[in-house]
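J.: pasting a predicted model and its sequence here:
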Amino acid sequence: MQKIGSFMKTVWFQRPVSCVWGLMSCTDFYSAFLLARLYYKSALIRASTKLLTQPRLSRPFCFRRNFKKDPAAALDSSVPPVSTTEIRQYLKSKNIPFHDGYSCLHAPSFFVEKQTSAGTVEKEDFCLFIDKTTGQFLCKETLVEGSWQDLQDCIEVMQKEGQQYLRPDIVLNYPESDSELEEIEMDKQEMHRIWSKASLFSDLEEEEIHLIKVMFGCSKISNATLKKYGVKYFKPTKSLVFPWYNTRDKTLKGFKLISPHKKKEHVHYTEAAFPRSSSYSSLFGLNMIARKDAELVLTSKEIDCLAVNQATGQPALALPRGVSCLPPVLLPFLEQFKRITLWLGSDLHSWEASKIFARKLNLKRCSLVRPGDNQPCPSEALSSGLNISKILKSAIPAGHKSIISFRSLREDVFGELANRDQVAGVKWTRFPELNKLLKGHRKGELTVFTGPTGSGKTTFISEYALDLCIQGVNTLWGSFEINNVRLAKIMLTQFAMQHLEEQLEKFDEWADKFEELPLYFLTFHGQQNIKTVIDTMQHAVYMYDISHVVIDNLQFMMGQEQLSVDKLAVQDYIIGTFRKFATDNSCHVTLVIHPRKEEDDKDLQTASIFGTAKASQEADNVLILQDRKLLTGPGKRSLQVAKNRFDGDVGIIALEFNKDSLTFGSPKGKTKLKKVKEDNVVQLKNPEEEKEKKKKKRVLPEPTNTAVN
């Protein structure tokens with residue numbers, strides 16, 4: 001009780017006006033405590049948000065892509081997962097009416113003061129949406145949102161006080177310091193300054209409009225469509241401005257700027273979102289949706305959204321982060337649609353993202369447009385004069401049967417044959433030799449990684465995962481052996497590729513860039529139960545569309561199972577669980593396993609992995625970090641690809657360690673790759689030897705004429 005009293009005293013002295021009103025209006029101590037906890041938790045969330053997304057003072061109109069990470073959905077085991085059944089049972093126990101939606105439960109909002117008589121509930125009152133997977137809630141009328149625990153606290157306070165209505169500012173108004181308010185105000189001022197200086201297309205010359213449309217590949221988009229959606233052009237950075245409007249009062253909520261940059265012969269586009277405090281949490285075109293609309297086309301780009309609506313007149317929305325992620329906070333805004341067609345792009349990556357997003361949206365109402373020569377992205381289809389309505393009608397259902405025939409698989413098989421390079425997966429940029437063996441990093445696979453103690457397994461695998469993360473692979477790191485601060489320090493050094501301890505003045509510059517990566521960390525440390533870990537990984541996949549999970553390492557997760565169970569049997573069970581998780585969630589899992597004790601003068605083999613043969617059997621790829629420093633001196637490391645289920649290529653890659661940047665690279669002028677043939681004979685590929693062979697082939701000896709008697 002003393003701790004609770006001390007806690008409430010802290011809240012009281014850091015309170016806003018709404019907090020004082022709320023605490024003083026409570027009739028008992030328990031209700032006051034619940035309200036105080038809401039205020040205090042909101043303050044912590046606000047503070048941690050500032051740490052993750054604190055805007056830096058930068059040059060005017062200097063944009064960078066800023067992915068906001070939601071600290072309220074921290075990947076922590078302290079918050080127990082909630083099931084749909086538990087949510088339903090709780091609402092029933094509190095006599096709160098609700099009905100099932102596609103991805104949310106719909107309930108009357110007690111943040112909206114009811115105009116009807118007590119006891120009657122109209123259809124319009126069901127504007128409180130509760131996510132079936134996480135329990136997070138959103139009131140569409142007041143835009144109040146929070147966690148499942150927040151919702152429970154609100155309900156307890158309301159019913160304890162005998163009220164039918166709860167003030168929205170109880171959750172909306174967070175305690176803020178003067179400096180925080182000043183920074184938020186500066187962020188908003190910057191947003192409004194850019195928006196006011198941006199030009200409508202109706203104010204531009206026809207010749208300039210033509211050049212802009214050619215530059216952004218939207219020549220067929222009419223000026224009327226651009227005006228309808230409020231698209232502007234910002235001249236200082238030659239950017240298109242795509243606005244996001246508030247669904248409640250249609251005011252400007254923010255916008256995305258897309259700027260072209262020419263690299264060699266190709267044009268690349270960069271994105272920036274304003275304000276940074278609420279980046280990428282809105283849908284472009286949402287203000288154009290009517291209450292009665294029941295069908296929707298979901299695209300990954302704003303230009304595609306414009307193309308669909310112009311060609312067909314159908315409602316269309318663009319995802320804020322493209323094929324990278326579908327934030328669950330947007331799901332309530334998509335609940336009204338009975339049919340959603342996902343047309344995310346023309347490549348295999350877009351196709352895979354469509355299938356993943358359809359799971360969140362509910363497979364029963366989703367249809368997918370399969371990429372192909374006659375079905376490119378909407379903007380290209382409009383430019384090519386293709387019939388967009390016909391393409392939408394040919395979309396296939398996202399749901400599938402348990403037993404199917406080859407007819408159903410035929411197009412998928414053709415797609416993999418026609419897009420061989422995309423099927424191979426994301427290529428490493430720091431390890432080009434690894435691409436020659438594994439061909440790429442693919443979703444749904446299990447990679448087992450091992451190496452001697454002290455060989456640098458964590459250092460290597462962190463750069464291995466960082467390489468992919470830089471290219472947009474959403475990554476979740478589970479470090480059970482070293483803490484997250486030390487791991488983040490290693491990865492930041494590898495990211496900057498320089499020793500930052502001696503250049504602290506560059507920390508903020510590199511930390512800002514590093515913060516933009518789609519990288520998340522589990523807060524576990526030491527021994528953990530496999531069910532808890534899997535539940536948290538499942539939550540991360542749902543919230544952030546994680547496509548690569550790194551677990552370092554397996555042995556540290558073992559120990560909380562029953563002591564009577566065989567340890568090897570427990571390990572086999574855990575490996576099987578990770579294998580199933582990777583397949584079911586289309587997520588690549590990299591699992592670090594310590595080897596069994598081997599003699600120092602022998603290289604590790606697949607059989608050296610600790611435990612039974614289960615690990616190597618279940619794995620799609622087996623990587624071994626070989627370390628010969630005890631025999632040949634420090635720095636003699638190599639990476640062995642011992643198993644490759646994708647196409648069978650295996651071999652050994654020489655590595656050279658840079659201590660200053662904590663990075664691994666290929667040694668210059670030395671043998672880089674030892675490729676193993678089918679007969680297990682090692683084939684050496686030495687650049688110097690290859691050059692000598694080519695020279696000998698060019699200089700051929702002159703033939704000699706010899707007479708035969």
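T.: Structure received.

J.: please count neighbours and contacts with C-alpha atoms only from this point.
T.: Fine.

J.: ok, residue 398 to residue 612 distance?
T.: 39 Å (Cα to Cα, to the nearest Å).

J.: which of these two has more neighbours?
T.: Neighbours were counted for residue 398 and for residue 612 using other Cα atoms under 10 Å; residue 398 has more, 20 against 14.

J.: so what's the more buried one up against?
T.: By Cα atoms under 8 Å, 6 or more residues apart in numbering, the residues touching residue 398 are 355, 358, 363, 364, 366, 367, 368.

J.: so which of those comes closest to residue 637?
T.: Proximity of the contacts of residue 398 to residue 637 (Cα to Cα) peaks at residue 355, which lies at 40.1 Å.

J.: in the helix or strand hosting the closest one, what's buried?
T.: Per DSSP states H and E, residue 355 falls inside helix 348-361. Along helix 348-361, these residues count as buried under the neighbour rule (16 or more other Cα atoms under 10 Å): 348-351, 353-361.

J.: figure out how far the helix or strand where residue 155 lies is from the centre of its chain.
T.: Assigned by DSSP H and E, residue 155 falls within helix 148-160. Between the centre of helix 148-160 and the centre of its host chain there is 31 Å, according to Cα atoms, centre = their mean, to the nearest Å.

J.: residues of it that come out buried?
T.: The neighbour-count check on helix 148-160 (16+ other Cα under 10 Å) flags 148, 150, 151, 152, 153, 154, 155, 156, 157, 158 as buried.

J.: among those residues, which one sits closest to residue 197?
T.: Nearest member of those to residue 197, counting by Cα to Cα, is residue 150, at 40.4 Å.

J.: next one, pLDDT for that closest one please.
T.: For residue 150, the pLDDT comes out at 88.

J.: equivalent analysis for residue 319, please.
T.: Per the predicted model, pLDDT is 95 at residue 319.

J.: give me the subset of the contacts of residue 398 that lies in strands.
T.: Cross-referencing those against strands under DSSP state E gives 366, 367, 368.

J.: identify the farthest-apart pair in the buried residues of helix 148-160.
T.: For the buried residues of helix 148-160, the farthest-apart pair by Cα to Cα is 148 and 158; their separation is 15.4 Å.

J.: can you list the low-confidence ranges for the stretch 301-450 of the chain?
T.: 400-404 (pLDDT under 70).

J.: repeat that for the stretch 101-250 of the chain.
T.: 115-124, 171-177.

J.: looks to me like residue 309 is in a helix.
T.: Yes - checked against DSSP: H, G, I helix; E, B strand; the rest coil, residue 309 lies within a helix.

J.: wait, it touches residue 303, no?
T.: No - here residue 309 does not reach residue 303: they are 10.2 Å apart, not a contact under Cα atoms under 8 Å.

J.: ok, which stretches of the stretch 201-350 of the chain are strands?
T.: 232-234, 239-245, 252-263, 266-274, 295-299, 316-318, 339-343 (DSSP state E, counting those that start in this stretch).

J.: report the angle between the last one and strand 295-299.
T.: Using axes from the mean of the first three to the mean of the last three Cα atoms, to 10 degrees, the inter-axis angle of strand 339-343 relative to strand 295-299 is 20 degrees.

J.: for strand 339-343, give me every contacting residue.
T.: With Cα under 8 Å, 6+ apart, strand 339-343 has contacts from 294-300, 354, 358, 365-370, 377-378, 392, 395.

J.: just the buried ones among the residues you listed, please.
T.: 295-300, 354, 358, 365-370, 377-378, 392, 395.

J.: what mean pLDDT does stretch 604-620 get?
T.: pLDDT averaged over stretch 604-620 gives 89.

J.: start and end of that stretch, how far apart?
T.: 18 Å.

J.: before we move on, what about stretch 383-392?
T.: First-to-last distance for stretch 383-392 - Cα to Cα - comes to 16 Å.

J.: show me what counts as buried in that stretch.
T.: The neighbour-count check on stretch 383-392 (16+ other Cα under 10 Å) flags 386, 388, 391, 392 as buried.

J.: same deal with stretch 446-465?
T.: 446-452, 455-465.

J.: same thing with stretch 428-445?
T.: Those would be 428, 430-431, 433-435, 437-445, for stretch 428-445 by 16+ other Cα under 10 Å.

J.: stretch 513-532 too?
T.: In stretch 513-532, counting by 16+ other Cα under 10 Å, buried: 514-524, 527-528, 530.

J.: now, those that are in strands?
T.: 519, 520, 521.

J.: what's the closest of those residues to residue 506?
T.: Closest approach to residue 506 among those (Cα to Cα): residue 519, at 20.9 Å.

J.: who touches that closest one in this structure?
T.: Applying Cα under 8 Å, 6+ apart to residue 519 gives the contacts 469, 474, 475, 476, 477.

J.: please tell me which one of the residues you listed counts the most neighbours.
T.: Top of those by neighbour count (other Cα under 10 Å): residue 475, with 28 neighbours.

J.: and residue 269, how many neighbours does it have?
T.: Using other Cα under 10 Å, residue 269 is surrounded by 12 other residues.

J.: so what's the residue nearest to it when sequence neighbours are not counted up against?
T.: Counting by Cα to Cα, 6 or more residues apart in numbering, residue 260 is the residue found nearest to residue 269 once chain neighbours are left out, at 4.5 Å. Going by Cα under 8 Å, 6+ apart, residue 260 touches 215, 216, 238, 239, 267, 268, 269, 270.

J.: roughly how far does the fourth one sit from residue 229?
T.: Read that as residue 239. 16 Å.

J.: next: residue 394.
T.: 27 Å.

J.: now swap in residue 626 and tell me
T.: Taken as Cα to Cα, the span from residue 626 to residue 229 is 58 Å.

J.: and residue 573, by the same measure?
T.: As judged by Cα to Cα, residue 573 and residue 229 stand 53 Å apart.

J.: out of these two, which sits in the more crowded spot?
T.: Neighbour count, other Cα under 10 Å: between residue 573 and residue 229, residue 229 has more, with 17 against 14.

J.: what's the closest non-adjacent residue to the more buried one?
T.: residue 285 (6.7 Å).

J.: in this structure that neighbour contacts residue 318, no?
T.: Yes - Residue 285 is within contact range of residue 318, at 7.0 Å (criterion: Cα under 8 Å).

J.: overlap in contacts, these two.
T.: The contact lists of residue 285 and residue 318 share residue 305, where a contact means Cα under 8 Å, 6+ apart.

J.: quick revisit: and the ones in strands among the contacts of residue 398 as a markdown table, adding distance to residue 253?
T.: Output for the ones in strands among the contacts of residue 398, formatted as a markdown table (distance: Cα to Cα, whole Å):
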| residue | distance to residue 253 |
| --- | --- |
| 366 | 28 |
| 367 | 30 |
| 368 | 30 |
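
J.: quick check, nearest of these to residue 141?
T.: Nearest to residue 141 among the ones in strands among the contacts of residue 398 is residue 366, at 26.1 Å by Cα to Cα.

J.: residues in a beta bridge with the closest one, which ones?
T.: residue 340 (DSSP bridges).
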